[in-house]
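curious how this folds, go ahead:
(one chain, ligands or ions: 1)
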Amino acid sequence: MTEKIGGGTKPPLSTYNEEQRRAIAHKNGPCMVLAGPGSGKTTVIAGRICEMIETHHIPPEEILVITFTKYAVKEMKERFRKTGIHGAGSVTFGTFHGIYYGMLRQVYDLCAEQILREDEQSTIAEAAVKDVERTNGTRIGDKDVLLMIGKVKNNGGFQGITQDPEDRQVYHAYEKRKKAAGKIDFDDMLLLIYQLFQKRPDILKKWQERYRYILIDEFQDCSRIQYEIVKMLAGQRRNIFVVGDDDQSIYGFRGASPAIMKHFSEDYPEAKIVRLEINYRSAAHIVAASGKVIKNNKNRFPKDLRAVHDKGKPVHVQEVYDMAEEADYVAAAVKEKLKSGVLPEEIAVIFRTTQDAAMTMSAFMNYSIPFFMKEKAFHLYEHFIAEDIKAYFRIAQGIRQRNDFLRVINRPNRYISRTALEKERTDFEDLRTFYCDKEWMIDRIDQMEEDIREIAKMTPYAAFQYLRKKTGYQEFLCEYAKEKNLEQSDLLGIMDEIAESMKKKESLQEWIKYTDVYTNHLKEMEKEDRFTEGKVAFLTMHGAKGLEYRFVYLIEAEEGIVPHRKAIRDGETEEERRLFYVAMTRAKEQLTISYVRQKNGKDVHPSRFVQELFTPLHPRASR
Ligand SMILES: Nc1ncnc2c1ncn2[C@@H]1O[C@H](COP(=O)(O)OP(=O)(O)OP(=O)(O)O)[C@@H](O)[C@H]1O
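Residues are numbered from 1 along each chain as shown. Predicted structure coming up:
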């Protein structure tokens, strides 16, 4: 293992490689460090600050270091503090929003309460959608308007984001409501500071004098407006030092693009370009395999990343039959690792979205393996589809609760009125009595009772298939998706997951009990401290960014999952490939990738990124 540098005391320059030294020694003017994963980006930023203060005698107060998450700020501060150099505490470290908030407060009467909380923002967005629906007399449905609004703000306008006039209407309605409430949102801070710097050159000058040196980590995640502001701040001095990896740009949905790195070299043609191409993190096999995948992206700076470490173990690709088998495979493998003395915190399970982790988390619970989830877990069994199924199953078990009947009586639509369900304890007999003079309604009630009787005799998996296909529940869901403007495939995906969770369960009761235990376990886990030691990490590909683990299990590597079924355009597929690349490159010693062959009776295909692992880079010309 290599020694971790950048921690402890200030490392001597000789610890760095030649290119790192070139970056660290940079004094004035623009510089872009283009670096692959694990090549020492953060290390170089910390090293350069030390050099600036100790060798170039730049006052620490003049140095501004920007990164993207509070977590990264904390980590960077900590790394830097440990160098023990004089004046370290006077360097400004912050996120874009944090720094701009501080600047805005000096001009405007701004307080934290004025910034919309997430829930307040959603409420305003929902009200704005309703305003537009009322005006137009049409339904907008469940479009992600906040995502659209955020993208427009980060882009500094609608161009290239949306051409839909309805989106503009929603945007303006949202702005109007927000203003009336006397609030601003997170991204408004970017727009406000941009406008302030344009309107008030005196204020801009003051900050230019204060921060004569700007360093940005994870530059590839910069949105257009964030970059424009930083350029203004750097002004004529052009002392701007950015560190990034276009291959790790994964925040397209927030308005970031790998093209930002190209823009930088166009805006600052004189910039010193440093390439860090030595990977200190991963075994050579992992570096080579991830390189094979990312090379398929067209929109990137070519790189030639080399590993300092030995080959290690080849990347293991595991095909499994279904999700239950995959979950069991990963949990058993992790258990073995733990038995052999590996610490839980040295292991991570990585997936595309939190929804993909449900089965594996449940296997970890069965194996009593401690784990935590960095992001908010997806509560599969509290989804309305799972609640419907549970209600059907309870009725099939002979439990008679009004709420269960109310929930499913018209799913699919049987045209039964709520008033027919007045009593707390309802039965089919009561319904028949209510509709005694309507023969066609009696037929419907009889049919439902017959369905329930059938379900009661089956295993959960068979009962679910029956419900889905024989009762019209699936058609109901498709109609529901249309009406609510939801993605049909999302709902069908949830159905598949639920079906998979039923496979080994013998009775309806057993499955319901299992869903309760699972949900309670998740809730308990969410109450605990997220970053506690002694636990295996469960991370989405986005959440894995910047982290590293000895052993990584990359699960659900199938088409439709990664690349995600909604990422259909070329640029989006490239972003999905970058996500996969970020996930692969978190592994230090061993990377295991798994995919399933079958979901809910249908064949699924391994992700194209897995296939790229097996495609020779330079196919031999046929003779
Ligand atoms: N010259 C070096 N010699 C030995 N180890 C190094 C050197 N440079 C960096 N490292 C180590 O390599 C690891 C990765 O470095 P760092 O976290 O700075 O990479 P990064 O480029 O920011 O990674 P990523 O973008 O993938 O998150 C760290 O453990 C760091 O201490």
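
going by C-alpha atoms from here, please, whenever you check contacts or count neighbours.
Noted.

list the residues that contact the closest residue to the ligand within the stretch 151-300 of the chain.
Proximity of the stretch 151-300 of the chain to the ligand (C-alpha to the nearest ligand atom) peaks at residue 280, 4.3 Å away. By C-alpha atoms under 8 Å, 6 or more residues apart in numbering, the contact list for residue 280 reads 2, 38-40, 307-309.

buried among those residues? Make that a PyMOL selection.
Paste this into PyMOL to select the buried members of the contacts of residue 280, with burial taken from 16 or more other C-alpha atoms under 10 Å:
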select buried, resi 38+39+40+307+308+309
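
want to throw the contacts of residue 280 into CSV with pLDDT?
As requested, the contacts of residue 280 are exported to CSV (pLDDT from 0 to 100):
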residue, pLDDT
2, 30
38, 92
39, 94
40, 90
307, 95
308, 94
309, 94
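
what about stretch 448-465, how long is it end to end?
Taking C-alpha to C-alpha, to the nearest Å, stretch 448-465 runs 16 Å from one end to the other.

name the residues that touch it?
389, 392-393, 395-397, 428, 466-467, 471, 499-500, 502-503, 505-508, 511.

I'd like the mean pLDDT over it, please.
Average pLDDT, stretch 448-465: 95.

may I see the buried residues of it?
Buried residues in stretch 448-465 (16+ other C-alpha under 10 Å): 448-449, 451-452, 455-456, 458-461, 463-465.

now do stretch 310-327
Buried-residue list, stretch 310-327, by 16+ other C-alpha under 10 Å: 314-315, 317, 320, 322-327.

how many residues are close by residue 176?
14 (other C-alpha atoms under 10 Å).

which stretches of the stretch 401-550 of the chain have low pLDDT?
424-425, 529-532 (pLDDT under 70).

mind listing the strands for it?
536-540, 549-554 (DSSP state E, counting those that start in this stretch).

in PDB, list the C-alpha atoms belonging to the shortest one.
In PDB, the C-alpha atoms belonging to strand 536-540 read as follows (Å, rounded to 0.1, in the frame of the first residue of the first chain):
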ATOM      1  CA  VAL A 536     -20.400  -1.700   5.100                       C
ATOM      2  CA  ALA A 537     -21.300   1.300   3.000                       C
ATOM      3  CA  PHE A 538     -24.300   1.200   0.600                       C
ATOM      4  CA  LEU A 539     -23.900   4.000  -1.900                       C
ATOM      5  CA  THR A 540     -25.400   5.200  -5.100                       C
END
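
can you give me how far it is from the chain middle?
Computed by C-alpha atoms, centre = their mean, to the nearest Å, the chain-centroid distance of strand 536-540 equals 12 Å.

ok and that strand relative to strand 549-554, angle-wise?
Orientation check (axes from the mean of the first three to the mean of the last three C-alpha atoms, to 10 degrees): strand 536-540 against strand 549-554 gives 50 degrees.

note down every partner strand of strand 536-540 and its orientation.
Applying DSSP bridges, strand 536-540 is found paired with strand 347-351 (parallel), strand 371-373 (parallel).

what about the ones you listed, which gets the closest to the ligand?
Once these are compared by C-alpha to the nearest ligand atom, strand 347-351 is nearest, at 14.9 Å.

then the closest one to CSV, C-alphas only?
What follows is strand 347-351, C-alpha atoms only, in CSV (Å, rounded to 0.1, in the frame of the first residue of the first chain):
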residue,chain,number,x,y,z
ILE,A,347,-16.3,-2.6,1.8
ALA,A,348,-18.9,-0.8,-0.3
VAL,A,349,-21.9,-1.9,-2.3
ILE,A,350,-22.6,0.5,-5.1
PHE,A,351,-25.7,0.8,-7.3
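
which ones are touching residue 577?
293-294, 297, 562-563, 609.

which ones among those residues map onto helices?
By the criterion of DSSP state H, membership of those in helices covers 293-294, 609.

make a markdown table from the residues you listed and add distance to residue 25 to it.
Formatted as a markdown table, these follow (distance: C-alpha to C-alpha, whole Å):
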| residue | distance to residue 25 |
| --- | --- |
| 293 | 33 |
| 294 | 30 |
| 609 | 38 |
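
now the residues you listed as TSV including pLDDT?
Compiled in TSV, the ones in helices among the contacts of residue 577 are given as follows (pLDDT from 0 to 100):
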residue	pLDDT
293	96
294	95
609	96
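
hey, which strand is longest across this structure?
Longest strand of the chain, by residue count under DSSP state E: strand 587-596.

just the contacts of residue 577 now: which is nearest residue 170?
residue 563 (29.7 Å; C-alpha to C-alpha).

could you find the closest non-adjacent residue to that closest one?
Of all residues not flanking residue 563 in the chain, residue 576 sits nearest, at 5.2 Å (C-alpha to C-alpha, 6 or more residues apart in numbering).

surely that neighbour touches residue 567?
Yes. Residue 576 is within contact range of residue 567, at 7.5 Å (criterion: C-alpha atoms under 8 Å).

who's more crowded, those two?
For residue 576 versus residue 567, neighbours defined as other C-alpha under 10 Å are more numerous around residue 576 (22 against 16).

quick one: residues contacting that one.
Applying C-alpha under 8 Å, 6+ apart, one finds that residue 576 lies in contact with 250, 562-564, 567.

just the ones of those residues in strands?
Those of those lying in strands (DSSP E): none at all.

how much space between residue 576 and residue 127?
33 Å.

re earlier: sheet-wise, list the partners of the longest strand of the chain with their directions.
strand 316-320 (parallel), strand 549-554 (parallel).

can I get those strands in TSV including distance to residue 361?
What follows is these, written out as TSV (distance: least, C-alpha to C-alpha, whole Å):
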stretch	distance to residue 361
strand 316-320	17
strand 549-554	13
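
out of those strands, nearest to the ligand?
Of all the strands paired with strand 587-596, it is strand 549-554 that lies closest to the ligand, at 10.6 Å by C-alpha to the nearest ligand atom.

next secondary structure after that closest one?
helix 570-584 (DSSP states H and E).

how many neighbours does residue 146 have?
There are 17 residues near residue 146, going by other C-alpha under 10 Å.

so what's it up against?
Here residue 146 is in contact with 122, 125 (C-alpha under 8 Å, 6+ apart).

can you confirm it is in a helix?
Yes. The assignment for residue 146 is a helix, going by DSSP: H, G, I helix; E, B strand; the rest coil.

quick check, pLDDT for it.
84.

what about the most centrally placed residue in the chain, distance to residue 580?
Central residue of the chain (C-alpha atoms, centre = their mean): residue 542, 4.1 Å from the mean position. Residue 542 is 10 Å from residue 580, where distance means C-alpha to C-alpha.
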